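only geometry, no sequence info:
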């Protein structure tokens, strides 16, 4: 399975709309739609820049919900589990908190957005929110790091629904040094990822998406070889859209699918 991240509103809202239509037409398994935020601490320079520009473009959660509703009204992929039928919001806690979680849940249900991934939500604060999203039938995705203890991994596995985002390495998105480590397939590095994947699957039976530093077909294939159910690409696809290059974006997807 393949997940693709876009920062909504970068380089502009028109390009985002066209890119989302391409993702839907090609039947990508998951769309992560990034909510612009002024302090995206887990993200590297590519997504930081995209987030800043999207904020300058006036994009907020209401803009995102309106865009998704507009696209869905125009028609979606026939497969109810792909493309525009399988969008989650990728965000940080502050914008969602300021918007209001009850209001957020209502709008997700209205627009058929599956749920949210909150990059900076610690498990100590996640339990009540997890209950709230489950009660509404929505997804709340949490992150597991390669440095997480087995006890912490087990707790995250309990709260994250219906799958878990495994951060493939330390550092921020798009870090070239850590991408090189993944390319070299360092034995210890791979073994740690395999260990985490096996621990999660043994305890929870949940699917795992592997992200951060994946930017090619070879790395997608390697993520799946390690036992992940889905590979997630972010900085690469955001960079391709930097100059509104939808042709290059579509060609890259064709290489992956």
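Looks like it came in fine. Quick caveat, the model's predicted, so the values are computed rather than measured.

can you tell me how far residue 72 is from residue 109?
To residue 109, residue 72 is 13 Å away according to Cβ to Cβ, to the nearest Å. C-beta here means a position set from N, CA and C on the backbone, and glycine is covered the same way.

residue 136 too?
Distance, residue 136 to residue 109, by Cβ to Cβ: 7 Å.

which one's more surrounded, these two?
The neighbour comparison of residue 136 against residue 109 (other Cβ atoms under 10 Å) goes to residue 136, with 17 against 12.

so who does the residue nearest the centre of the chain touch?
Centroid check for the chain by Cα atoms, centre = their mean gives residue 32 as the closest residue, at 4.0 Å. By Cβ atoms under 8 Å, 6 or more residues apart in numbering, the contact list for residue 32 reads 3, 4, 5, 6, 87, 88, 89, 90, 117, 232, 234.

could you give the number of residues near the third one?
What it means is residue 5. Look at residue 5: counted by other Cβ under 10 Å, it has 24 neighbours.

nearest residue to it other than its sequence neighbours?
Spatial nearest neighbour of residue 5, chain neighbours left out: residue 234 (3.5 Å); criterion: Cβ to Cβ, 6 or more residues apart in numbering.

before we move on, what SS does the residue nearest to the centre of the chain have?
Three-state secondary structure (criterion: DSSP: H, G, I helix; E, B strand; the rest coil) places residue 32 in strand.

ok, it to residue 23 distance?
10 Å.

mutual contacts of these two, please.
By Cβ under 8 Å, 6+ apart, the residues touching both residue 32 and residue 23 are 4, 6.

out of the contacts of residue 32, which are inside helices?
Among the contacts of residue 32, no member falls in helices (DSSP state H).

and of those residues, the nearest to residue 104?
Nearest to residue 104, judged by Cβ to Cβ, of those is residue 89 at 8.4 Å.

so what pairs up with the closest one in the strands?
The residues listed as beta-bridge partners of residue 89 by DSSP bridges are residue 33, residue 116.

my guess is it meets residue 119, correct?
No - Residue 89 is beyond contact range of residue 119, at 10.9 Å (criterion: Cβ atoms under 8 Å).
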